[in-house]
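Colleague: Okay, here's the prediction I keep looking at, along with the sequence it came from:
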Amino acid sequence: MMENVSILLVEDDPITTFLTKKVIIACKAGTELVCKANGQEALDYIAGQNTGALLLPDIILLDLNMPVLDGWGFLDTFKKNVNIYGKNIALYICTSSTAPHDIMKAREYHFVKDFISKPLNTQKFLDLLKSL
Amino acid sequence: MKNRMSNKILYALYGALAGLFFPIVATVLHARLHQTPLSLHTVIQQQKTEDLFWIIDMAPFVLGILAAYIGRNRDFYENVLNSIPSDIAVFDKNHRYLFVNPSAIKDPVHRRKIIGLDDFEYCAYRNRDAKFAEERRNRFLAAKSSEGGLKWEETIRDADGVPVTHLRRYYPVRDSNGHMMIMIGYALDISDRKLLEEKQEVLIKQLQKTNRQLNDFSNIIAHNLRGPLGNITSIVELIEDLDDVAQQKELISYLKPCTESVSAIFNQLVDSLHVMHDVDIEFRNNDLDNCLKLVISSLDLEIKQSQAKILIDISLAREIYGPEKYVVSMLHNLISNALKYRSPDRLPVITVRTMNEGEEVIVSVTDNGLGIDLHKHGDNLFKIGKVFHSHPDSKGFGLFMTKTQVESIGGKIWIDSAVGKGTTFFIMLKKGK
């Protein structure tokens, strides 16, 4: 299992953010967590970190339904830049949506590793780390 | 049976007479063709010399049998055509009537009169609008130039004003060279079927609407309640795993916003259900001026705080027909949104206008605010819980409820927007009565 991974959580709901933090801490995987409240903040953060592969996150947990720039908007911009990041970032969509058309749409982005239904719990998170 | 027998005898007699008169007719024809008077005897003699004597000898019998045969068949086919409960007409190549059955024209006088006439002449005879004849002529010409004829549905009102629908067809009959010899026109009364189809269409639309509502509901439950309910479950699990009371208390404090969120979504759903099925709600003429005064006064604080300018131009239509509370609620939601999503770069200007669209009124609310990217968010705009800009009071209920209200009273709502420039919402509702 990969250790000392850095995670970028893109989530607008503060309670979900709080709970995800709790789950990640409980797993004691030595992970580093950064939280951003919408797609635009996350893109700005990635652009700021893109001075070296080491500064970029290993995992992105992305919500879909967010104000300002939603998950789909984030994915569209991320797709354009994915080749210049110089790092294989594992992107997981973490959403309460289970709509088949959302899952189908997510599959169109080759860098999306999986579709995780909320809430994230320790089991789901450990499985995620194992699959890296 | 007796009739049929007497008809046969009659036709045989006609035939015999025709046979007897054949030599006389031949004499006259010969005289006209050769410009020489001939006696009947000469004609007979000449024909005999031309080995045609047997025709003259046999003519009375042959023609008698032929006439009987043709007469019997003609009777048979006319009986069949006259007994068919469909309108049947046969036209010559110039669109003149050769035959019309009683189903097409009941009155025998009119039925006899129409033979040899075209629709223009018949319309003039019956004092009918020539437009009808023109339309039929166009269809006739279209059928004439087509391969398989022409089929169309036609609804007219009968003498009692009841709509009657016919399925009509013009079918050209052609000779071996492809030239049209006659045109057969027939029509079938499909009024009952049409009525049934219309009822089915209404029923299908109602079922589609109900199905869509059910789908929307299951989506709302799946997407919007799953989030906060999942959070509640997670918090409870975490509390159970903790021994530290202070930490437990902290987690309990997170439960309240979750339950509030579930409660708010649930209440919105109940309200929307109430709106969708409130058949007893009172419809009335609403003075838009009064409704807007009510809305503006309730948003007074937000208007003052944002220094918004509200412009009203409802000179083209001043009244809307619908439930008062919905009309006020719709205007409130749209103006409140315009204030909420104002641009930080300029003072908000909100314009309310009306325009007429037939029996309906379009009310537009235009702002110079943030605008929405319709390409990205167009599909989700009116869905519950969808928020497009960060705002502490944004819950994604307003537009969902406005759309529910508008559609429950047979109206329409749509949007035009440009990011950074502003948004216009349009609502189309019934004009005041």
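Modeller: In hand now; what should we look at? Numbering: from 1, shown residues only, chains lettered A, B, ... in the order given.
Colleague: which parts of chain A sit against chain B?
Modeller: A:13, A:15-16, A:18-19, A:22-23, A:37-38, A:65, A:67-68, A:70, A:72-73, A:96-99, A:117-119, A:121 (C-beta under 8 Å from any C-beta of the partner chain). Backbone N, C-alpha and C define where each C-beta goes, glycine included.
Colleague: redo that, cut-off 6 Å
Modeller: Residues of chain A lying close to chain B by C-beta under 6 Å from any C-beta of the partner chain are A:15, A:19, A:67-68, A:73, A:96-98, A:118-119.
Colleague: So which of these wins on neighbours?
Modeller: A:L19 (26 neighbours; other C-beta atoms under 10 Å in any protein chain shown).
Colleague: What helix or strand is that residue located in?
Modeller: Taking DSSP states H and E as the definition, one finds A:L19 inside helix A:14-26.
Colleague: So which elements touch that helix?
Modeller: Judged by 3 or more C-beta pairs under 6 Å, 6 or more residues apart in numbering or on different chains; DSSP states H and E, helix A:14-26 is in contact with helix A:122-130.
Colleague: any idea how far the helix it packs on is from the chain center?
Modeller: Its chain's average C-alpha position is 14 Å from that of helix A:122-130, according to C-alpha atoms, centre = their mean, to the nearest Å.
Colleague: do the same with stretch A:113-130
Modeller: With C-alpha atoms, centre = their mean as the basis, stretch A:113-130 stands 11 Å off its chain's centre.
Colleague: Check the model's average confidence along it for me.
Modeller: Across stretch A:113-130, pLDDT averages out at 89.
Colleague: ends of it, how far apart?
Modeller: The first and last residues of stretch A:113-130 sit 13 Å apart, counting by C-alpha to C-alpha, to the nearest Å.
Colleague: any idea where the strands of the chain begin and end?
Modeller: Using chain A here. In chain A, the strands defined using DSSP state E lie at A:6-10, A:32-36, A:59-62, A:90-95, A:112-117.
Colleague: should've been chain B
Modeller: Counting by DSSP E, the strands of chain B are B:87-91, B:97-100, B:150-157, B:163-174, B:180-189, B:284-287, B:309-313, B:319-322, B:349-357, B:360-366, B:412-418, B:422-431.
Colleague: Rebuild those strands as TSV, extending it with distance to chain A, mean neighbour count and mean pLDDT.
Modeller: Below are those laid out as TSV (distance: least, C-beta to the nearest C-beta, whole Å; neighbours: other C-beta atoms under 10 Å in any protein chain shown; pLDDT from 0 to 100):
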stretch	distance to chain A	mean neighbour count	mean pLDDT
strand B:87-91	52	19	93
strand B:97-100	59	19	94
strand B:150-157	39	13	89
strand B:163-174	41	17	91
strand B:180-189	45	17	92
strand B:284-287	33	16	93
strand B:309-313	26	13	95
strand B:319-322	31	22	92
strand B:349-357	21	17	95
strand B:360-366	21	20	96
strand B:412-418	15	16	94
strand B:422-431	15	20	94
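Colleague: looking at the strands of chain A, which is buried most?
Modeller: By mean neighbour count, with neighbours taken as mean count of other C-beta atoms under 10 Å in any protein chain shown, strand A:59-62 ranks first of these at a mean of 25.
Colleague: Buried by neighbour count: which residues of the lowest-mean-pLDDT helix or strand in chain A qualify?
Modeller: Least confident helix or strand of chain A, by mean pLDDT, DSSP states H and E, is helix A:100-107 with a mean of 86. Residues of helix A:100-107 classed as buried: A:102, A:106 (neighbour count, 16 or more other C-beta atoms under 10 Å in any protein chain shown).
Colleague: ok, and what's touching that helix?
Modeller: A:93, A:112, A:115 (C-beta atoms under 6 Å, 6 or more residues apart in numbering or on different chains).
Colleague: quick revisit: nearest to B:L195, of the strands of chain A?
Modeller: Closest to B:L195 of those, according to C-beta to C-beta: strand A:90-95, at 49.0 Å.
Colleague: ok, that closest one: who's next to it in the sheet?
Modeller: strand A:59-62 (parallel), strand A:112-117 (parallel) (DSSP bridges).
Colleague: Ok, which of those comes nearest B:I114?
Modeller: Of all the strands paired with strand A:90-95, it is strand A:112-117 that lies closest to B:I114, at 73.6 Å by C-beta to C-beta.
Colleague: What angle do helix A:100-107 and the closest one make with each other?
Modeller: With axes from the mean of the first three to the mean of the last three C-alpha atoms, to 10 degrees applied, the angle from strand A:112-117 to helix A:100-107 works out at 150 degrees.
Colleague: Distance from strand A:112-117 to the middle of the chain?
Modeller: In terms of C-alpha atoms, centre = their mean, the centre of strand A:112-117 is set 9 Å apart from its chain centre.
Colleague: residues near B:E237, how many?
Modeller: If you count neighbours by other C-beta under 10 Å, B:E237 ends up with 15.
Colleague: Excluding sequence neighbours, find me the nearest residue to it.
Modeller: Among residues not flanking B:E237 along the chain, A:N121 sits closest, at 7.8 Å (C-beta to C-beta, 6 or more residues apart in numbering or on different chains).
Colleague: From B:Q305, how far out is that neighbour?
Modeller: 43 Å (C-beta to C-beta, to the nearest Å).
Colleague: One more: B:V270?
Modeller: 32 Å.
Colleague: re earlier: pull the residues that contact the helix holding A:L19.
Modeller: Outside helix A:14-26, the residues that touch it by C-beta under 6 Å, 6+ apart are A:9, A:11, A:31, A:33, A:35, A:119-120, A:122, A:125, B:231, B:234, B:254.
Colleague: export those to a markdown table and tack on distance to B:D87?
Modeller: Below are the contacts of helix A:14-26 laid out as a markdown table (distance: C-beta to C-beta, whole Å):
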| residue | distance to B:D87 |
| --- | --- |
| A:L9 | 75 |
| A:E11 | 71 |
| A:T31 | 84 |
| A:L33 | 81 |
| A:C35 | 78 |
| A:P119 | 71 |
| A:L120 | 73 |
| A:T122 | 80 |
| A:F125 | 77 |
| B:N231 | 71 |
| B:S234 | 74 |
| B:Y254 | 78 |
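Colleague: picking that back up, of A:N121 and B:Q305, which one has the most company?
Modeller: Counted by other C-beta under 10 Å, A:N121 and B:Q305 do not tie: A:N121 has more neighbours, with 20 against 9.
Colleague: Tell me how far the more buried one lies from A:L128.
Modeller: Counting by C-beta to C-beta, the separation of A:N121 from A:L128 is 11 Å.
Colleague: Repeat that for B:K194.
Modeller: According to C-beta to C-beta, B:K194 and A:L128 sit 61 Å apart.
Colleague: Between the two, which is the more surrounded one?
Modeller: With neighbours defined as other C-beta under 10 Å, B:K194 and A:L128 compare such that A:L128 has more, 23 against 17.
Colleague: which residues does the closest residue to the more buried one other than its chain neighbours bridge with?
Modeller: Distances taken as C-beta to C-beta, 6+ apart put A:Y92 closest to A:L128, at 6.5 Å, once the chain neighbours are dropped. Note on A:Y92: beta-bridge partners A:L61, A:D114, judged by DSSP bridges.
Colleague: Next to chain A in this structure, residues from the stretch 251-400 of chain B, please.
Modeller: Near chain A, when you scan the stretch 251-400 of chain B using C-beta under 6 Å from any C-beta, you find B:254, B:376, B:387-390.
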